[in-house]
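Visitor: Here is a sequence together with a model predicted from it:
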Amino acid sequence: MLSRHPVAGTAAGPAAPVLAVVGAGAAGTLVAIHLLRELRERAAHADVVLIDPAPEVGQGVAFSTTDERHLLNVPVGQLSALAEKPEHLLDWARCRVDPDVSAADFLPRRCYGAYLAHTLDAEAGRCEGARLQRRRARAVALQPGADNRDRLQLSDGTTLLADGVVLAPGIFAPGTAWAPPALLSSRRFVADPWEPGVLDAVAQGAGDVLVVGTGLTMVDVAQSLCSARGTVHAVSRHGELPKVHAAHRRPAAEPAELPEDVDLDIAALRRAVEAHVRDTVRRYGDWRPAMDGLRPHIARLWARLCDDCRAEFLVRDGRRWDAHRHRMPHRTAEQIGRLRSSGQLCVTRGAVTAVDDDGSALLVHLSAGDTRRVTHVINCTGPLADITLSGDPLLTGLLADGRAVTGPLRMGVATDGDGRVRAVDDSVGSLWTLGAMRRGQLWESTAIQEIRAQAACIAAHLAVQCAATDPGHRRRTVHDPPLRRRGVAEVQSVVV
Ligand SMILES: Cc1cc2nc3c(=O)[nH]c(=O)nc-3n(C[C@H](O)[C@H](O)[C@H](O)COP(=O)(O)OP(=O)(O)OC[C@H]3O[C@@H](n4cnc5c(N)ncnc54)[C@H](O)[C@@H]3O)c2cc1C
C-alpha cells in the first residue's frame, strides 16, 4: 500500500511544491521512486502525485500480465530500478520470488510490476519531506493555472495545480490501418491485445485463431493461447520471429569506429554497423555483443540523421533492428520451438488481404492466396507510433495548444536533452516526459534501462528545483548531492 497524505499546505507553513506524474506504469513509477529519493537526499519538500486509473502502480502494459510464461526479456541483473544499486532487484527477487534466482535469470514479467510497487512503497515510507499521493483517474487536459503553475484536469472532475508535470503515458495501442473494414467492425477482432483480460475471453473458446504480427507480443499471445485452444496461426510480411538471447551472455563489444559526421548519412551508418557486427562475430563468434555495444551510442547517432534518413531506417532496417535488439529469453524460445514442432503454432509470411464473416467464424484471406478459418484475429502489429493518431485528449490538447510539438517522424513529442517538452516556440518549462514519448527524439527509449536513466535525470532536476524554492532547505541540509551522482548522463542547466 502507498502512503496517502492530503496534498495541500499546512497551517504551519506554505504549501510544498506539487509534482504531478501522469501515468503509473513502469516509467511513471520509476520517476516517483527517483523523485522521493532525490527529495529525501536534498531534504526538500514536495507533494508527489501519481495519476493513473490503473488499480496498481508499476505495471502498465508490460507488467500487468498474470501469465507466468510471460518473461522479462532482460535478465534480473540488468533491471534494478536504481542504477547505482545493480543488485537491488536481485535481492528483492531472492526474498520475494525464489532464493535461488541468479542475475542471469529472466523473471516472470508480473514480478517486475510488484518489485516497482514495493520499491515505491519503501521510498514513500522513508521520505520525510516529500509526500506521495495516488489519484486513480486519467489526466485529460493541461492548461496554465495561476502563479505559473499548471492546471491538470482529471477524468473524475477534479483539478490539480502542479509546479512540475511529468508525462509518462507509455505506448499507444497497436494501429489498425492494415485491417480491412469487415475485420474492423467484427466483434471477433482483438484490436488491442494489451487490454486487461481481453485474451482470457479468447482463451475460453475453441477453434483456431490468427495473430497478425510475429514479434514479442505474438510470442506472448501464442504462449497464452496455444495450450488453451486450436492452432495459433501467426502471419507477418516477413514471417520472422524475434532473435534469442545467448545461453551465456558475453560483455558488450564497443564499436571500433562509428561515423562522426554531424549530418549522418544512413548508408554510411548502415555500413559502419554492419562492419561492427562482422568484426564482433569474427572475434567472439556471436553478433549479440555488437548490438549491446551499440546501445549507448544510439541516441547520439539517431540525432545526427535527418528525418528522411530516419524514415528510411524505419522502412528498411527497423524490423531487423528490433528483432535483434529486443530478444527472447532462451526458455521462451524453447517453448515457442515446441509449439511450432507440435503444430500448435504455425508461422507464415504474408499479409491479410480480405476478411469474410460467415456468422460462426472469420474467413481471413492472405496475400499468398490461402485462407484461414478462425474464431478471432488478434492485432499484434506493435504500438502505434504517430502521436497525432493517438486520440488521447491530454496529448491532443497539448499539441493543439502549442505546449508540445511532435518529435521526429511524429513519434512522441520534441524534448530537450533532459526530457523537457518543447513548446511550439521552442521554449521549455515545467513539463517533462520520458519513455515512448521520446522515441522520435532518441529512437531507443522504451526499455527499462533507458527509462530508468531518464527517470533519474528528471527526478534530479525537479528535486533541485524544489530545494531551491524551499526556504527551509538551507537550514536542513549540509550539502546538495551532485546531479551527476546517479549516472544522470544528460543533465544541462536547471530551470527554476
Ligand atoms: C508486452 C510488453 C512487454 C515488454 N517487456 C519488456 C521487458 O521485458 N523489458 C523491458 O525493458 N521492456 C519491456 N517492454 C517495454 C516497455 O514499454 C517498458 O519496459 C515499460 O513497461 C514502459 O512503461 P511506461 O510506463 O512507459 O508505459 P506503460 O506500461 O504503457 O504505462 C503507461 C501508464 O500510463 C497510464 N496513462 C496513460 N495515459 C494517461 C493519462 N492521460 N492519465 C493518467 N494515466 C495515463 C496508463 O494507464 C498506464 O498505466 C515491454 C513492452 C510491452 C508492450
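Guide: That came through, no problem.
Visitor: what helix or strand does residue 125 sit in?
Guide: Using DSSP states H and E, residue 125 sits in helix 109-126.
Visitor: whoops, I mixed them up, residue 268
Guide: Going by DSSP H and E, residue 268 is part of helix 266-284.
Visitor: now for that helix, which elements pack on it?
Guide: Secondary-structure packing of helix 266-284 (3 or more C-beta pairs under 8 Å, 6 or more residues apart in numbering; DSSP states H and E): helix 288-294, helix 307-316. Quick note: C-beta positions are derived from backbone N, CA and C, even for glycine.
Visitor: next SSE after the helix holding residue 125?
Guide: Using DSSP H and E, the helix or strand that follows helix 109-126 in sequence is strand 130-135.
Visitor: picking up where we left off before, hey, which of the helices and strands packed on helix 266-284 is tucked in deepest?
Guide: Among the helices and strands packed on helix 266-284, helix 288-294 has the highest mean neighbour count (mean count of other C-beta atoms under 10 Å), at a mean of 21.
Visitor: Show me which residues of the stretch 151-300 of the chain sit near the ligand.
Guide: 168, 169, 170, 171, 217, 220 (C-beta under 6 Å from any ligand atom).
Visitor: out of these, who's nearest the ligand?
Guide: residue 170 (2.2 Å; C-beta to the nearest ligand atom).
Visitor: ok so, going back, out of the residues of the stretch 151-300 of the chain next to the ligand, which end up buried?
Guide: Using 16 or more other C-beta atoms under 10 Å as the burial test, those include 168, 169, 170, 171, 217, 220 as buried.
Visitor: Tell me where the stretch 301-450 of the chain has helices.
Guide: 307-316, 318-325, 330-341, 393-401, 439-442, 448-469 (DSSP state H, counting those that start in this stretch).
Visitor: For the longest one, buried residues please.
Guide: Pointing back at helix 448-469 there. The neighbour-count check on helix 448-469 (16+ other C-beta under 10 Å) flags 448, 450-467, 469 as buried.
Visitor: Run the angle between the helix holding residue 125 and strand 130-135 for me.
Guide: 130 degrees (axes from the mean of the first three to the mean of the last three C-alpha atoms, to 10 degrees).
Visitor: same for helix 109-126, what does it pack against?
Guide: For helix 109-126, the packing partners by 3+ C-beta pairs under 8 Å, 6+ apart come out as helix 26-41, helix 88-96.
Visitor: Include mean neighbour count when you put those helices into JSON lines, please.
Guide: Listed next are the helices and strands packed on helix 109-126 as JSON lines, based on neighbours: other C-beta atoms under 10 Å:
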{"stretch": "helix 26-41", "mean neighbour count": "27"}
{"stretch": "helix 88-96", "mean neighbour count": "18"}
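Visitor: Of all those helices, which one comes closest to the ligand?
Guide: Closest approach to the ligand among the helices and strands packed on helix 109-126 (C-beta to the nearest ligand atom): helix 26-41, 3.3 Å.
Visitor: So which elements touch the closest one?
Guide: So helix 26-41, by 3+ C-beta pairs under 8 Å, 6+ apart, packs with strand 18-22, strand 46-51, helix 109-126, strand 130-135, helix 448-469.
Visitor: Kindly reformat the ones you listed as TSV containing distance to the ligand and mean pLDDT.
Guide: Output for those, formatted as TSV (distance: least, C-beta to the nearest ligand atom, whole Å; pLDDT from 0 to 100):
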stretch	distance to the ligand	mean pLDDT
strand 18-22	5	98
strand 46-51	5	97
helix 109-126	6	97
strand 130-135	8	95
helix 448-469	4	95
